[in-house]
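In: Model the structure of this input:
(3 chains)
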Amino acid sequence: MIAAVISLGGIGLSAAVALGLAAKKFAVESDPRELAVLETLPGANCGACGYPGCSGYAKMVVSGDKLAAVCPPGGQEVMEKIANIMGFAPITTDPQVAVVRCQGDNAKAKLKYTYIGVTDCVAAQKLADGPKLCPGGCMGLGTCARICPFGAIEMTQENLAVISREKCTGCGKCVASCPRQVIELTPLDATTHVLCNSHDKGALIRKYCEIGCIACQICKKNAPDAYVIEDFLARVVYEHHLETGPGVEKCPTKCIRDFAGGYPQGSSFAPPTCAMPPQKVA
Amino acid sequence: MKLKTFPGGLHPPDNKQWSAHKPIETCPLPAELIVPLSQHIGAPAIPCVAAGDVVKKGQVIGEAKGFVSVPVHAPTSGTVAAVEDRLHPMGKALPAVVITPDGDDAWGELPPPLDVQSASVNELRDRLRDCGIVGMGGATFPAHVKLSPPEEKPIHTLILNGVECEPYLTADHRLMLEEAETILDGIAILQKILGVKQTYLGIEANKPDAIALMEKACAGRDIEVVPLEVKYPQGAEKQLILAIAGCEVPSGGLPMDVGVVVQNVGTCAAVADAVLRGIPLIERIATVSGPGIKEPKNLKIRIGMPLAHLVEQCGGLNGEPAKIIMGGPMMGMTQLSLAVPATRGTSGLLLFTAENVPLRPEGPCIRCGRCVRACPAHILPTTIAAYARLDLFEEAEQFNAMDCIECGCCTYSCPAALPLVQAIRHAKGAILAQRRKV
Amino acid sequence: MENRLYLSSSPHVYAGATTDAIMRQVIYALLPACAAGIYFFGLPALVLLILCTAGCVGFEALGQKLMQQKLAIRDGSAALTGILLALNLPPSCPWWLALLGSFVAIVIAKQIYGGLGYNPFNPALVARVVLLISFPVQMTRWTAPAPLGSGIDAVSTATPLGAAKEAVMLHGQLPADLQSGFGSYLLGHQAGCLGEVSALLLLLGGLYLLWKKIITWQIPVSYLGTVVVLGGLFWLIDGSRYPDPVFHLLTGGLMLGAFFMATDMVTSPVTTRGMLVYGTGCGLMTVLIRLFGGYPEGVSFAILLMNAATPLIDRYTQPKKFGLVAEQA
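Out: Okay, the predicted model is just below:
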């Protein structure tokens, strides 16, 4: 009994001493600020900053005398903390959220064929450019939802991707993953978006989608500088920060949506409860 | 006597009885011919005609671009209606020359017949290029390129592919029965170009009439007919070489690395027509079959004929088609519409009805190993596909994703209905894209 | 908006094999052994079979519902696990033990890893070993076979393997009447787990699976072969201490293990050479545990140990890819 206690205790003690010595001898020199910065970061390793993971970003921060890149998921809060730790001049971030510019789910948009195969948008796109007649619309097979590190994207029952404005951190991974470039990063304070991604002429769009932009220009007529029509597709001019309401009201196909009023049909996300920053009036 | 073959592979029902006994029927001209400028591996041809031009049968309408390319010819005489994007078998609209036939089917000026004995090897190869000869087994690789191996890779064996292992397809079978002399003329030309020591003609044992006929015809011609075990994919180039020559083409390599060149029997016939009669590749045999067509047939079609026209020649559709397959059922491509034109690589058109398209829900991989045992490339389809679906392309490459010949044996055998070939193709695409970036 | 035309990647024809058809075939192959178990051990055996099967299917349905997954009990894998579990338990096993075993097999050994196809260890064997270690008394209370209609009451007794191990440990020698029971062992007249008693019916079931190409010959042949060779070797060295190979084949869970447990697809290697390595390893461990280990029977532990080695075996026994030899030349 005593022998067992002594021998095991002895092994434990010598192991502890050995580990302690090793920790001291093989310790890696590192800037203590790096750890402090790392602790402020969200830890999602999403790569939106352009650096390999959060530790890569922290390394970059402490190696320079100013911030070479922002951390979008961290946002303003994290940037201020880092500025404090490093003694940098404070910077203001431009928070962005991703938006799926399409509302043409299976109930509203026609298919050219029924797809059988791997449930992945990139794979489906390889088969005759995807099952939808609309060349730019969301196929709803979930590639973006799977790649989102923050779980901000849901697929509705009718195969449409919808992104939660609350959960999205603007990291941009979904934008890169979409084979049709349906997803766009937009300023957080902009709540109105034209949810269509097809540059086909209106008459053609009518044939395959109920809720696509037919470039009728009604939005532009009612809110002149808030919208612009480019290549048969309307878009909100975010830089102008103008009132977009009249366009939303008068749009005949209802392809323009103000997310302050709620998410596209079929989405389970609740409309934002907190007041959105007001749009500036011209 | 045990027939030669390769390890692995499967035995899908061959379904050749629908059309194997039907002689080749010439298909009349349709109202419009759509000739895609890209019908071969390599750079697409560049159009040299414009809307309104009058063309003669066999006239060059698209010029070859670069070495790995061939010209495209008018399949009949008529007027060029347009040079525009039209739906291509690849699934998207690609440049094509649309011709309205004038009904005369009149030949234009053709290159003169060459005397095989006196013509030089270069002359023969140039003739093949000028006549647009490509591999007609489906790969459509320009023949003149395949027949120009570099000096450090001497060719000693020529293997002719009369296997036709895909179910339903009987075009090569009928060609051997009805045009044996033309095929043999073509083989003689290939023998001259390559200067080979031995020549073999591989035919699967499910075509005993073709074997008997070709054996008789080949007597005294220095060609050995090799009957092969009926197995899929016996007609795949590397598996065919293993079965006949007994050696494996190195991974990542080509048949010339083991001194072999393989050509389809249809290509041989086209080679003979090009050299001996100056006829460019504007016509081929295609099998139209499947439960969705009223009268399965083997048709002699012109390049550019819309698939709908072929269907019409075969008595029309048997109900609404659920899948339109260009090629065979194991490696063919599903089509968006019957308006798509036939090309130089169209060996078959299959119509499947809804009963033949089982909507099998995908289950988890139960690691049963059937795909591993069936794989003729001896890789692990289940492992590669699993990595591919997780976007782990480096690991997929380590497990030899690039060695996949996309034959479909794995997906065919999978009890969990996993889309293995699609996933592996996705990985191969990503690996190639990554290599191009570096 | 449904479009009737389908586009998919090749191939466009399929062999027609399905996962549930495979599970069904294995269940059919087990029915003769189940019948033998019921014949020799009576009503308790039938109750045990029903309890385990229902328990496993029930827990799978419950688990899938709680995890908000699609209900997949129709694929038959849970029912198969239930039957295999029952076959691995002593016929006098109490009902609560059977249910606990079902829970361990389905929820702990299968569902927490992700369900069908993701479990690293054979679920029925995990449950059996967990029960064996936790409830050794109940799990080793064997009854002598009392064939239906014979009027014999249930009597507790030792299994042939148990008797052998005890004799060797106490007397250094095998019991004298070891060989006398061979005829009955073949048919199933021996004490043991519900499903392991009839070597003949298990062998027939195994041959059925081989004929239907549900399993391949590599694992059963290498497993049984190794047991015969290694067991035979020790028997030749000292026949009074070590039983002969036929005894090994006919007693204990070897037949059940070689044809139905070691061949479980999810937990065994996919490569052909890997299966041979795996089967040999199972055979080796089985004989070593039987002859030198603390337990009289080693099949369950041997298979579970080899399950752990499966990923490694798969990695190192990859088939030589087409063109590899030529590439290296």
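In: From the recorded domain assignment, give the ranges for chain C.
Out: Domain segmentation of chain C under automatic domain parsing yields C:19-139, C:160-314.
In: now chain A
Out: A:32-86, A:96-261.
In: With respect to these, which exhibits the lowest mean confidence?
Out: Ranked by mean pLDDT, the domains of chain A end with domain A:32-86 in last place, scoring a mean of 84.
In: From the chain's centroid, how far away is that one?
Out: Here domain A:32-86 is found 18 Å from its chain centre; the criterion is CA atoms, centre = their mean, to the nearest Å.
In: Against chain B, how distant is residue C:212?
Out: According to CB to the nearest CB, to the nearest Å, residue C:212 and chain B sit 13 Å apart. (C-beta placed from N, C-alpha, C; glycine too.)
In: The nearest residue to that residue once chain neighbours are set aside: what's it in contact with?
Out: Nearest residue to residue C:212 in three dimensions, chain neighbours excluded: residue C:25, at 5.5 Å (CB to CB, 6 or more residues apart in numbering or on different chains). The contact partners of residue C:25, by CB atoms under 8 Å, 6 or more residues apart in numbering or on different chains, come to C:208, C:209, C:212, C:214.
In: Of these, which is the most crowded?
Out: residue C:209 (22 neighbours; other CB atoms under 10 Å in any protein chain shown).
In: Please enumerate the helices of the stretch 1-150 of chain A.
Out: A:2-25, A:32-40, A:53-63, A:75-86, A:121-126, A:143-147 (DSSP state H, counting those that start in this stretch).
In: Return the set of residues that bridge with the residue of the stretch 101-250 of chain A found nearest chain C.
Out: Relative to chain C, the nearest point of the stretch 101-250 of chain A is residue A:116 (3.9 Å; CB to the nearest CB). The partner list for residue A:116 in beta bridges (DSSP bridges) reads residue C:8.
In: surely it meets residue B:359?
Out: Yes. With contact defined as CB atoms under 8 Å, residue A:116 counts as touching residue B:359 (7.1 Å).
In: follow-up on the earlier one: checking the residue nearest to residue C:212 next. Helix, strand or coil?
Out: For residue C:25, the assignment made with DSSP: H, G, I helix; E, B strand; the rest coil gives helix.
In: Tell me the pLDDT of it.
Out: With respect to pLDDT, residue C:25 scores 96.
In: What residues sit buried inside the longest helix anywhere in chain B?
Out: Scanning chain B for the helix with the most residues, using DSSP state H, yields helix B:420-437. Neighbour-count burial for helix B:420-437 flags B:420, B:421, B:422, B:423, B:424, B:425, B:426, B:427, B:428, B:430, B:431 (criterion: 16 or more other CB atoms under 10 Å in any protein chain shown).
In: and residue B:252, how many neighbours?
Out: 12.
In: Quick check: which element contains it?
Out: Assigned by DSSP states H and E, residue B:252 belongs to no helix or strand.
In: The residue of the stretch 101-250 of chain C found nearest chain B - how many residues pack around it?
Out: Closest residue of the stretch 101-250 of chain C to chain B, CB to the nearest CB: residue C:117 (3.5 Å). Burial measure for residue C:117: 18 neighbouring residues, criterion other CB under 10 Å.
In: ok, for it, nearest residue in space, not its chain neighbours?
Out: residue B:364 is the one closest to residue C:117 (CB to CB, 6+ apart), at 3.5 Å.
In: returning to what we had before: identify, out of the domains of chain A, the most deeply packed stretch.
Out: The highest mean neighbour count among the domains of chain A, using mean count of other CB atoms under 10 Å in any protein chain shown, belongs to domain A:96-261: a mean of 20.
In: how long is that domain from one end to the other?
Out: 19 Å (CA to CA, to the nearest Å).
In: Also stretch A:90-108?
Out: Termini of stretch A:90-108 sit 47 Å apart (CA to CA).
In: Whether that stretch contacts chain C - can you check?
Out: Yes. Using CB under 8 Å from any CB of the partner chain, stretch A:90-108 comes into contact with chain C via A:106, A:107.
In: Confirm residue C:313 sits in a strand?
Out: No. Using three-state DSSP, the assignment for residue C:313 is helix, not a strand.
In: pretty sure it contacts residue C:274?
Out: Yes. Contact criterion CB under 8 Å: residue C:313 and residue C:274 qualify, at 4.5 Å.
In: Looking at these two, which has the bigger crowd around it?
Out: Set residue C:313 next to residue C:274 and count neighbours by other CB under 10 Å: residue C:274 wins out with 25 against 20.
In: Give me the secondary structure label for residue B:309.
Out: Applying three-state DSSP: residue B:309 is helix.
In: What separation is there between it and chain C?
Out: From residue B:309 across to chain C, the span is 19 Å (CB to the nearest CB).
In: need the contact list for that residue.
Out: Contacts of residue B:309 by CB under 8 Å, 6+ apart are B:27, B:30.
In: mind listing the helices for the stretch 51-200 of chain C?
Out: In the stretch 51-200 of chain C, the helices defined using DSSP H, counting those that start in this stretch lie at C:77-87, C:95-103, C:123-134, C:136-139, C:160-171, C:182-187, C:199-211.
In: Nearest to chain A, out of these?
Out: Using CB to the nearest CB, the helices of the stretch 51-200 of chain C put helix C:77-87 closest to chain A, at 22.4 Å.
In: So which residues make contact with that closest one?
Out: Contacts for helix C:77-87 (CB under 8 Å, 6+ apart): C:19, C:23, C:26-27, C:30, C:33-34, C:37, C:48-49, C:51-57, C:59-61, C:73, C:98, C:101-102, C:105-106, C:110, C:116, C:123-124, C:127-128, C:193-196, C:256, C:260-261.
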